[in-house]
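>>> Sequence first, predicted model second:
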Amino acid sequence: MVFRELSPKTQTQARTNLEQFLELQLVPDTTVMLPVAQLTEVLNIPVGQIVPIPQMPSWVMGVYNWRGEILWIVDLGELVGLTPWHQKPLTSPVHRAVVLKSSSQKSSNSQSSRQTIGLVVNQVKEMAWCDPEQIQSPPGSAITPSLASFLQGYWLNPQGEMFIVLQGKAIMAAMPKS
């Protein structure tokens, strides 16, 4: 749907069924999307400010002091089965990360707890409006087993570009338990 051709009133009506997603580039030919409602902000983290934590999965890069809180930093590309950051040439003194948030219920006292993690990506691209009903399941042969557990599906934009849509809950669930 092209919004610039619609009247402002029609645009508002058309967008009521749509959700906003943020496009994230993991490698030059892989772009994924996450719902904006699950994201807090985009960060530039200087390379030396991520503190590695021993005995963690290789996709956990470490922790970062984010507003006085400990923010776990995850290599999103490696988590979903792509080339890890440590195997890529360093082209920038900063990592680009998006902060993924999740609210969950604590079983012991029924208080809501908010968890956040930073997802390192190659590039933060742009926002896209997407009808969640147009997100399709990919053919089983088209995805890797490491990607499958994080995948909501794929979406074709009006220009025919394909975007992988990830599930924030599944990414949060993959984090090591303390």
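Ah, there it is.

>>> so which strand or helix has the closest residue to residue 60 other than its chain neighbours?
Leaving aside its sequence neighbours, residue 60 sits nearest to residue 74 (Cβ to Cβ, 6 or more residues apart in numbering; 5.9 Å). For the C-beta atoms, the positions are set from N, CA and C on the backbone; glycine is no exception. Using DSSP states H and E, residue 74 maps to strand 69-75.

>>> what residues does the following helix or strand past that strand touch?
Stepping forward along the backbone from strand 69-75, the first helix or strand reached (DSSP H and E) is helix 76-79. Around helix 76-79, the neighbours that count as contacts under Cβ atoms under 8 Å, 6 or more residues apart in numbering are 24, 26-27, 30, 32, 58-59, 83-85, 119-122, 146, 150, 171, 174.

>>> Report the rounded mean pLDDT for the next helix or strand after helix 76-79.
From helix 76-79 onward toward the C-terminus, using DSSP H and E, the following helix or strand is strand 94-105. Averaged across strand 94-105, pLDDT comes to 84.

>>> all strands of the protein, in order?
19-27, 30-35, 39-46, 60-66, 69-75, 94-105, 112-121, 123-130, 151-156, 162-166 (DSSP state E).
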